[in-house]
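**Q** what follows is a predicted structure for the sequence shown.
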Amino acid sequence: MSVSARAWAWRPRSSPVEPQAAVAWGDAARHLHARLRLMPVEQASRLQATANRDMLMVSGAADDLPWVDGVAYAATDARAPGLWLPTRWEPEVPIDLLGQALFNAFSRAPLLLWRDPTVVIPLDRQLPVTAQHLQKIDAYWAGR
């Protein structure tokens, strides 16, 4: 779902935060999906994933997160629990107030607020990374 970029802007974080999720769009999402298929079951079992037609997000401990070319990273923010933001960018408005506004506007939580593309994505359908879940994502993408 789109969010107005005119109400506020993004600024680079003074220091990146530790990643809690890998976020990929378009071709990078397909490469991340392929990387998950090759991951050892033990490592994959510590991760959760959710996808939409253009994006794949994989959450877990920083050491377990996969990397592929084009992936970016996200993390929650203590000022707005349940709001996931890019690790390298933050809104110029108070994050606690922005989080409250977003949670009031959306009936689902947690939420990923992303800079580019500018979107808000509900994350309440994250499931453990298993071969079955990856197959469902594959089928979903094939049917779009």
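**A** Perfect, I can see it now. Numbering: from 1, shown residues only.
**Q** what are the ranges of the strands in this protein?
**A** 10-12, 21-25, 48-51, 55-59, 72-77, 80-86, 89-91, 111-114, 119-122, 127-128 (DSSP state E).
**Q** buried sites along the longest one?
**A** So that's strand 80-86. 80, 83-86 (16 or more other CB atoms under 10 Å). The C-beta positions use only the backbone N, C-alpha and C, and glycine is treated the same way.
**Q** can I get that strand in PDB, CA atoms only?
**A** Only the C-alpha atoms of strand 80-86 are listed here, as PDB (Å, rounded to 0.1, in the frame of the first residue of the first chain):
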ATOM      1  CA  ALA A  80       7.600   2.600  17.600                       C
ATOM      2  CA  PRO A  81       7.400  -1.100  18.400                       C
ATOM      3  CA  GLY A  82       6.000  -3.100  15.500                       C
ATOM      4  CA  LEU A  83       7.300  -0.600  12.900                       C
ATOM      5  CA  TRP A  84      10.000  -1.900  10.700                       C
ATOM      6  CA  LEU A  85      12.300   0.700   8.900                       C
ATOM      7  CA  PRO A  86      15.300   0.600   6.600                       C
END
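**Q** what is that strand packed up against?
**A** strand 72-77, helix 95-105, strand 111-114 (3 or more CB pairs under 8 Å, 6 or more residues apart in numbering; DSSP states H and E).
**Q** so which of those is the most packed in?
**A** Scoring the helices and strands packed on strand 80-86 by mean neighbour count under mean count of other CB atoms under 10 Å gives strand 111-114 as the most buried, with a mean of 23.
**Q** partner strands of that strand, with direction?
**A** According to DSSP bridges, strand 111-114 forms sheet pairs with strand 80-86 (parallel), strand 119-122 (antiparallel).
**Q** any residues touching the last one, and which ones?
**A** Contacts of strand 119-122 from elsewhere in the structure, counted by CB atoms under 8 Å, 6 or more residues apart in numbering, are 1-3, 52, 55, 57, 102, 106, 108-114.
**Q** which one among these gets closest to Arg30?
**A** Here the nearest of the contacts of strand 119-122 to Arg30, counting by CB to CB, is Met55; it sits at 10.9 Å.
**Q** for that closest one, which residues make a bridge with it?
**A** Trp25.
**Q** list the contacts for it?
**A** 23-25, 29, 121.
**Q** this completes my enquiry, with thanks.
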